[in-house]
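K.L.:
with the input below, show me the fold.
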Amino acid sequence: MTNAPSFSPELLDQSAQPGTHPERYNPLKDNVYIIGLALLALSIGAFSLSSSDGFRGNFFGSFMLHFVLVWAYTITLWFNQRLRWWAFGSQREEYPTTLLLLMLWLISCFALNREVEVFRPSADWLSWYLGISGAACVAYAWKDWMSPAARLVLWAVLSASLVLFVYYALALAPISLFGMIVVWFFGLPLHAWVPLVLCVYLFLILRNAALEERWGRMAVFTGIAIPATVVLVFSAAWYQVSNRMTINAGYKHNESTELPGWVTVSQKLEKNWLNGYLLKAVAEGNMPTQSGPFGGFLSPAFGGKENDPMMQIAAAVSPRPELDETECRKIYAAQYNARNVMEERLWSGDDLLTTNVKSTVMLDPGHRLSYTEKVLTVAQSNIGNSGRTSTQEALYTFFLPSGGAITSLSLWINGVEEPGILTTKSKAKEAYTTIVGRERRDPAVVFWQEGNQARVRVFPVTREMPRSFKIGVTAPLRLENQTLVYENVSFDGPSALLATERDSVYFALPAEASPPAEPSRLPRPGGQGRAGAKEGVVFADSPIFFKNKHEGGRTSLTFEGAYRHAWTVVCNAPPMARSVFSFDGKTYVAQSWGLQTESFNPSVIYLDLNGAWTESEFEQIRALAQGHLIKIPVNSGFQNVTAENATQLFRQVRDLRFTLFPYHKIAAPETALVITKSAAPTPLPSELAGSIFGDSLKEMNGTASLRVFHLSTEKEMSAYLRALRERRDVFCISGDLETLKKYLQSNTYAKNPEGPNRVALPEAGLLLTQKDTVLNGSAPDHLFRLFAYNTVLRELRGRASDEPGHLARLAEQANVVTPITSLVTLESKADYERFGIQKTEGLNTLGNA
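P.N.:
This next block holds a predicted model:
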């Protein structure tokens, strides 16, 4: 057994009881150690805060402070005879202070890396790994004060740290050799040797632990085995995924399909964490170039956007996917609901956080409408953003209820709320791009996105100036089992994990509806659900702890606390209000839509088969459709389903995660019925642009004469089908197998109630009708806003690039964001005039909701 280290008597703990380690080293009695600890704390603080503009890009301001601290402690150790003339000469009693010195050197390394980049910015997991390793090195000084179990944990963590620093030492080996030649250059090349020196000292420490501790050897081996095993397992899994993706990529060259290549790959690619990680790595240009030793995994600047050793090693031993960045970006965005993350930016937004969300909701059950105002505050994080620009762009994607529209936008400029102005999408885009990309001043803009989404951009967000903006959403309430359901307008964007939230939900019941309950009749949060609600009672059916208020004849719900992404409020569906809204010589009426049927006997039934179907469903529908011609899409055409080939055809397509049915290829849509079922997330029609399939789909008739039955619930409808229904390319209803059976056996189908002066909102069971008369009424103007929005979508039929003038004027009257119009807030009146953004002269408009 190796002899225990001998410390100076003044550094030992003299207060120990007899027989209990009387010679334990006490770091708090070691002035040299305390000085090193203070310098290390100063260095860590300076490193974390060095993102201020005064330091950024100033070599002697950002790096030299850390370098000076290194040499200050080096000199302190030298004068106190605690440092040997060569790196590996320290005695065991000097290990605690030597580790502190090496931690100072390590921070200096990363500070220098900010100015002279050798490694890309560390991946998040690597930053945590480094932080834990550094903490373990500092904690080594207290090992004698730890319990045996705690010491075993310390040895395991230090062993895992050894693996990490071996990686850095190998990666820096070429630079280390060069550094020996130019070491005279202010000692800067010595930084390349720091990981190697750390490896030597950790090896010596762990060797002693393995020899002297009863379970020390097991702890050391465990600490080394865990990261090594993780790397091996990750590399093996990555190899399989990359190999499978390469095989699937061969399908994109299949000339028998008109779909884009990335779609055919996506149809067969399993959705899991590892596939998503690989797709995102390629999409963000974060894959190794495979051009260095061992395929590049030991090359520090390996070609990615961040330093991720696990990815480098895994990619070095795996085939590179035959998909380019654009293709992987599209697959990842569609399959992992990451369109906001994959959206191109003018400025970075990596360090932004959503700090506060305020929602004010008005529910109008009598008209089955809701209006939501959300005020969001976005700010920069002060930690970990030193390597990035101090001016950033906030990008949000809002998820709207089906049939809903953005009807207002505001941005706070110099503390004053400035409302947005509606203009054409092309003008709004030109103004925002010019001001943000070149002039770097204050704009905010909201663009319509396919699939019931809207994208908001806000600029600039700086460390000194958080930004607040407000959007308004007009949407129908979802009708569900004689209740009306309001779903929170959620968003994707800067993290809201630590955000606070304040919600206020108000009810505006019409006079002819039964009044709301007294507060005592309102169920407590987490209490009685829908089944127990009494007629006319407004209540919250969710575990959210709303506070119920009833004052002044109105019912409201309030909440204050941490931000919640998803929450709902449910109320009983009262009789439809009889009030109307009149505007510009027209009257708008809301009516209940009960599915009326009409005679219909399809000549052909098309089945959209994919992985969501069961063989039982397939056989039942074949039995129901006896006497009808049944077809399924195969390659670029359709194939008849017969008793002989049915099983074979089903097995061919059941492995497809999703399908994009070619509705545009049906020769006689008026007499056809398509039965579909949604599976995995799908691309949107606009994302297929440029392909034969996408361009042909854009030219679809758009009269909604094609009947589609969605064999599931409305909520499970795919983004692809929902977008086609939204623009009225198809008439689609949802239901179960029993509902479909009734239609087929009675030779009937639901009747499409829409016409030039009427729009239908299926999820709300609502019809909005325009009449050429003027009637007095107290209904909200949101009736006209939703009528105009859905009329624009129906008339455009997916061809938004034309920006028809009459539809743009209709959208302007209702102040709704559509495929051809956007709301934009600029800094000054001169900016609006410069880009020709102004209200159409003589046009009667509602303005912001």
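
K.L.:
can you count the residues close to the closest residue to residue 690 other than its chain neighbours?
P.N.:
Spatially, and ignoring its direct neighbours in sequence, residue 690 is nearest to residue 260 (7.3 Å; CB to CB, 6 or more residues apart in numbering). All C-beta spots, glycine's among them, are computed from the backbone N, C-alpha and C. Here the count is done by other CB atoms under 10 Å, and residue 260 has 22 residues near it.

K.L.:
where's residue 260 relative to residue 687, distance?
P.N.:
8 Å (CB to CB, to the nearest Å).

K.L.:
now do residue 42
P.N.:
Taking CB to CB, one finds residue 42 at 51 Å from residue 687.

K.L.:
would you map the helices across the stretch 501-650 of the chain?
P.N.:
Using DSSP state H, counting those that start in this stretch, the helices assigned to the stretch 501-650 of the chain run over residues 615-624, 646-653.

K.L.:
shared neighbours of residue 260 and residue 687, anything?
P.N.:
Common contacts of residue 260 and residue 687 (CB atoms under 8 Å, 6 or more residues apart in numbering): 330, 694.

K.L.:
what about residue 632, how many residues close to it?
P.N.:
22.

K.L.:
apologies, that question was intended for residue 480.
P.N.:
17.

K.L.:
backbone phi and psi for it, please?
P.N.:
Dihedral angles of residue 480 (phi, psi; degrees, to the nearest 10) stand at phi -150, psi 110.

K.L.:
and it, how far from residue 713?
P.N.:
Counting by CB to CB, the gap from residue 480 to residue 713 is 10 Å.

K.L.:
can you classify residue 375 as helix, strand or coil?
P.N.:
strand (DSSP: H, G, I helix; E, B strand; the rest coil).

K.L.:
same deal with residue 354?
P.N.:
Residue 354 - assigned by three-state DSSP - is strand.

K.L.:
not counting sequence-adjacent ones, nearest residue to it?
P.N.:
Per CB to CB, 6+ apart, closest to residue 354 is residue 496, 4.0 Å.

K.L.:
near the one you found, how many other residues are there?
P.N.:
Neighbours around residue 496, by other CB under 10 Å: 22.

K.L.:
over to the one 10 residues further on?
P.N.:
Neighbouring residues of residue 506 were enumerated by other CB under 10 Å; the total is 16.

K.L.:
against residue 683, how distant is it?
P.N.:
For residue 506 relative to residue 683 (CB to CB), the value is 38 Å.

K.L.:
how is this structure divided into domains?
P.N.:
In terms of domains, the chain is parsed into 9-225, 231-342, 597-751 (source: automatic domain parsing).

K.L.:
how about residue 458, secondary structure?
P.N.:
Taken by three-state DSSP, the conformation at residue 458 corresponds to strand.

K.L.:
check contacts around it.
P.N.:
With CB under 8 Å, 6+ apart, residue 458 has these contacts: 378, 393, 394, 396, 411, 444, 467, 469.

K.L.:
and it, how close does it get to residue 409?
P.N.:
Taking CB to CB as the measure, residue 458 falls 10 Å from residue 409.

K.L.:
show me the common contact partners of those two, please.
P.N.:
Joint contacts of residue 458 and residue 409 (CB under 8 Å, 6+ apart) are 444, 469.

K.L.:
residue 354 pairs with what?
P.N.:
residue 378 (DSSP bridges).

K.L.:
hmm, it is touching residue 375, no?
P.N.:
No: contact between residue 354 and residue 375 fails when scored by CB atoms under 8 Å: they sit 11.2 Å apart.

K.L.:
these two: which is more packed in?
P.N.:
Between residue 354 and residue 375, counting by other CB under 10 Å, residue 354 is the more crowded of the two (22 against 17).

K.L.:
gap between the helix or strand containing residue 759 and the chain center?
P.N.:
Assigned by DSSP states H and E, residue 759 falls within strand 758-761. The chain centroid and the centroid of strand 758-761 are separated by 32 Å, computed with CA atoms, centre = their mean, to the nearest Å.

K.L.:
who does that strand touch, helix- and strand-wise?
P.N.:
Using 3 or more CB pairs under 8 Å, 6 or more residues apart in numbering; DSSP states H and E as the contact test, the elements touching strand 758-761 are strand 766-771, helix 782-796.

K.L.:
what are the C-alpha coordinates of it, in PDB please?
P.N.:
Extracted as PDB, the C-alpha positions of strand 758-761 are listed here (Å, rounded to 0.1, in the frame of the first residue of the first chain):
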ATOM      1  CA  ARG A 758     -71.900  30.800 -46.800                       C
ATOM      2  CA  VAL A 759     -68.900  29.200 -45.100                       C
ATOM      3  CA  ALA A 760     -69.000  26.100 -42.900                       C
ATOM      4  CA  LEU A 761     -66.700  25.500 -39.900                       C
END
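
K.L.:
ok, residues contacting that strand?
P.N.:
402-403, 476, 593, 752-754, 766-770, 786-787, 790-791, 794.

K.L.:
and if we set it to 7 Å?
P.N.:
403, 476, 593, 753, 754, 767, 768, 769, 787, 790, 791 (CB atoms under 7 Å, 6 or more residues apart in numbering).
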